[in-house]
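>>> curious how this folds, go ahead:
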Amino acid sequence: MIKLGIVVVYFVKEENKALLDLHFKQIERHTKVPYTIYGSINRLLPEFRKKVALHPKVKICECTTTDLRSDKEQIYYLEHLIGEAIADGCSHIVTLHVDSFPVRSDWVEVLASKLTESCIFAIPYYGNYTACLFFERDFYLKYRPTFSLSPEEFSSKQYIQFCKKFEHIPHAGFGFIYKAYLENLSWFPLTESKKKSAQFVFHSNIYNDIIFHLNAAASPDNIPVTKTSFIYLRKWLWRYLWASVFKIILLTKIQQKALGSIRPIRKMISWGWRHIGFRMFYLHVNWYERKKLLEDPDSYLDYLRTGKKKT
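Have a look, this model is predicted:
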């Protein structure tokens, strides 16, 4: 029997109250197995702390607040939450975000059926890895995967060989893929499944027709924009310009053969993304898609899944 532990680091901005409600609603609506949500609320706004803490399916996991930020902060809390879920006897564990949730009621059973002794977890291979990282407790206890790598591991020959075989961005969660590689194991890749007619809805993803992810809804700088034509221009620029730059710079043979020499270039690209690309393109697209989602969640999600708009 499956006993599911859903682990979530709750960082919710004031304007995302409705998104938090939708997150809870979708999990409750579509999860048919026994489950508990293990939540971290260390940096959650006071107005949301009571809401999360009083939810009947949420177990607040107290731990010391960290000064780490970005992926390192998320990893710190996720590892603590997973420990709590395992201590409670959960047979399966999944990481979700405030803006990721199931859209089909057999999602747990489908993901669990993909796991075997050699296929050890399910993960969005092209996307944010921790938006839905699904695995069994026995795998975690046996292999003790980490969400990221140490500086020594990044500089190792094994990692260079790994880069030659697998395109990836070293975000939180890719350490699971690296562990599978080292142990000669495999994983089930969650891939984008939204219909062709909905492909232009760039910022939102549906994985395997079971999991939705909006992307970056917890970012502290979402900026409202009302000029729709400008939004779509930025979508185009992100998809065809920025995505190409990242692939060329981060995933080329230069990285594979000489990681050290590319680090200054990666730092430059990272700076440009944080100060230019993120603010000029990403945040505006995120705000627009979030607005459409919250106006009519069922219609928005159905459009991504079927490609047909409600008339």
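>>> which residue ranges form the helices in the stretch 51-200 of the chain?
Using DSSP state H, counting those that start in this stretch, the helices of the stretch 51-200 of the chain run over 71-87, 107-113, 137-143, 151-154, 157-165, 174-182.
>>> restricting to C-alpha, output the third one in CSV.
It refers to helix 137-143. Provided in CSV are the C-alpha atoms of helix 137-143 (Å, rounded to 0.1, in the frame of the first residue of the first chain):
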residue,chain,number,x,y,z
ARG,A,137,11.9,5.5,0.5
ASP,A,138,14.0,2.3,0.0
PHE,A,139,15.9,3.9,-2.9
TYR,A,140,16.6,7.1,-0.8
LEU,A,141,17.9,5.1,2.2
LYS,A,142,20.0,2.8,0.1
TYR,A,143,21.7,5.3,-2.1
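>>> any buried residues in it, and which?
137, 139, 140, 143 (16 or more other C-beta atoms under 10 Å). In this view, the C-beta of every residue, glycine as well, is placed from N, C-alpha and C.
>>> coming back round to it: now tabulate the helices of the stretch 51-200 of the chain in TSV and tack on mean pLDDT.
As requested, the helices of the stretch 51-200 of the chain are arranged in TSV below (pLDDT from 0 to 100):
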stretch	mean pLDDT
helix 71-87	96
helix 107-113	98
helix 137-143	97
helix 151-154	93
helix 157-165	91
helix 174-182	97
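>>> just put the ones you listed in CSV and tack on distance to residue 55.
Formatted as CSV, the helices of the stretch 51-200 of the chain follow (distance: least, C-beta to C-beta, whole Å):
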stretch, distance to residue 55
helix 71-87, 15
helix 107-113, 19
helix 137-143, 23
helix 151-154, 37
helix 157-165, 39
helix 174-182, 28
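>>> mind checking these for the one nearest to residue 29?
Residue 29 lies closest, by C-beta to C-beta, to one member of the helices of the stretch 51-200 of the chain: helix 107-113, at 10.8 Å.
>>> pLDDT score assigned to residue 249?
Looking at residue 249, its pLDDT is 51.
>>> now do the one 5 residues further on
The per-residue pLDDT reported for residue 254 equals 46.
>>> and residue 292, by the same measure?
For residue 292, the model assigns a pLDDT of 89.
>>> what is the burial count for the closest residue to it other than its chain neighbours?
Spatial nearest neighbour of residue 292, chain neighbours left out: residue 300 (5.6 Å); criterion: C-beta to C-beta, 6 or more residues apart in numbering. Residues lying near residue 300 (other C-beta atoms under 10 Å) number 23.
>>> test my guess that residue 300 contacts residue 288.
No. Using C-beta atoms under 8 Å, residue 300 is not in contact with residue 288; the gap is 11.8 Å.
>>> spatially central residue for this structure, please.
residue 131 (2.4 Å; C-alpha atoms, centre = their mean).
>>> residue contacts, the closest residue to residue 137 other than its chain neighbours?
Among residues not flanking residue 137 along the chain, residue 86 sits closest, at 5.3 Å (C-beta to C-beta, 6+ apart). Residue 86 makes contacts with 5, 93, 137, 140, 141, as judged by C-beta atoms under 8 Å, 6 or more residues apart in numbering.
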